[in-house]
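In: pasting the structure only:
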């Protein structure tokens with residue numbers, strides 16, 4: 001794992017004790033980073049699928065702020081492996097895990113999310129996955145543009161949408 005993205009930030013692998021932080025981050029993905037927004041009706045099921053069923057053997061990266069002298073988690077990106085029988089919103093195949101990623105709002109911008117995703121892509125490739133997928137809410141064009149710049153393309157599965165029709169499904173193949 002890369003040691004740092006700047007002198008005051010660093011990456012580390014997520015561990016079991018990060019689960020509650022990942023839960024808070026996942027809620028931010030539902031709110032598009034605006035903590036004043038209400039959460040979706042199905043958030044409990046999503047939290048169980050993306051955080052409750054995440055295990056530390058599924059690659060995950062935590063971004064920490066070191067400026068206070070004590071490492072403070074400020075962002076994270078993790079992979080969830082799903083199956084056709086129990087898919088996630090961004091599911092494309094059993095061998096391609098789905099990405100979840102978020103930053104605390106005060107740390108977004110300045111390329112930190114892009115750097116965090118790049119770190120997770122490197123980690124996923126090193127773990128031997130053929131690629132990764134993700135779901136982007138319809139209307140979240142900013143995120144979709146960032147992912148496209150990182151090499152993600154619209155999935156050919158289900159016309160590039162999740163089964164509910166509420167998200168674009170994008171995939172990044174490593175080869």
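Out: In hand now; what should we look at? Please read all numbers here as calculations on a predicted model, not as lab measurements.
In: contacts and neighbour counts: CA atoms only from here.
Out: Fine.
In: can you pull out the strands in the protein?
Out: Under the criterion DSSP state E, the chain contains strands at 9-13, 60-65, 72-80, 98-103, 131-137, 153-154, 167-173.
In: how about those in CSV, adding mean pLDDT and distance to residue 115?
Out: Shown next, in CSV, are the strands of the chain (pLDDT from 0 to 100; distance: least, Cα to Cα, whole Å):
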stretch, mean pLDDT, distance to residue 115
strand 9-13, 94, 10
strand 60-65, 96, 10
strand 72-80, 96, 11
strand 98-103, 95, 11
strand 131-137, 95, 16
strand 153-154, 94, 18
strand 167-173, 95, 16
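In: now the residue nearest to residue 79 when sequence neighbours are not counted: how far from residue 71?
Out: Distances taken as Cα to Cα, 6 or more residues apart in numbering put residue 99 closest to residue 79, at 4.7 Å, once the chain neighbours are dropped. The gap separating residue 99 from residue 71 is 24 Å, by Cα to Cα, to the nearest Å.
In: between these two, tell me which one has more neighbours.
Out: Neighbour count, other Cα atoms under 10 Å: between residue 99 and residue 71, residue 99 has more, with 25 against 14.
In: quick one, what contacts the closest residue to residue 16 other than its chain neighbours?
Out: Nearest non-adjacent residue to residue 16, counting by Cα to Cα, 6+ apart: residue 56, 6.1 Å away. Neighbouring residues of residue 56 by Cα atoms under 8 Å, 6 or more residues apart in numbering: 14, 15, 16.
In: ramachandran angles for residue 56?
Out: For residue 56, the backbone dihedrals (degrees, to the nearest 10) come out as phi -60, psi -10.
In: residues contacting residue 157?
Out: By Cα under 8 Å, 6+ apart, residue 157 lies in contact with residue 92.
In: residue 155: how many residues sit nearby?
Out: 21.
In: got a pLDDT number for it?
Out: We have a pLDDT of 93 for residue 155.
In: ok, it touching residue 173?
Out: No - look at residue 155 against residue 173 with Cα atoms under 8 Å: they stay out of range, at 10.5 Å.
In: quick one: the helices in the chain?
Out: Shown for the chain, the helices assigned by DSSP state H span residues 19-30, 43-47, 112-126, 141-149.
In: between those, which gets nearest to residue 77?
Out: helix 112-126 (6.4 Å; Cα to Cα).
In: buried residues in stretch 148-160?
Out: By neighbour count with 16 or more other Cα atoms under 10 Å, stretch 148-160 contains the buried residues 152, 153, 154, 155, 160.
In: distance to residue 10 added to these, as CSV?
Out: CSV is the format used below for the buried residues of stretch 148-160 (distance: Cα to Cα, whole Å):
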residue, distance to residue 10
152, 24
153, 28
154, 30
155, 32
160, 34
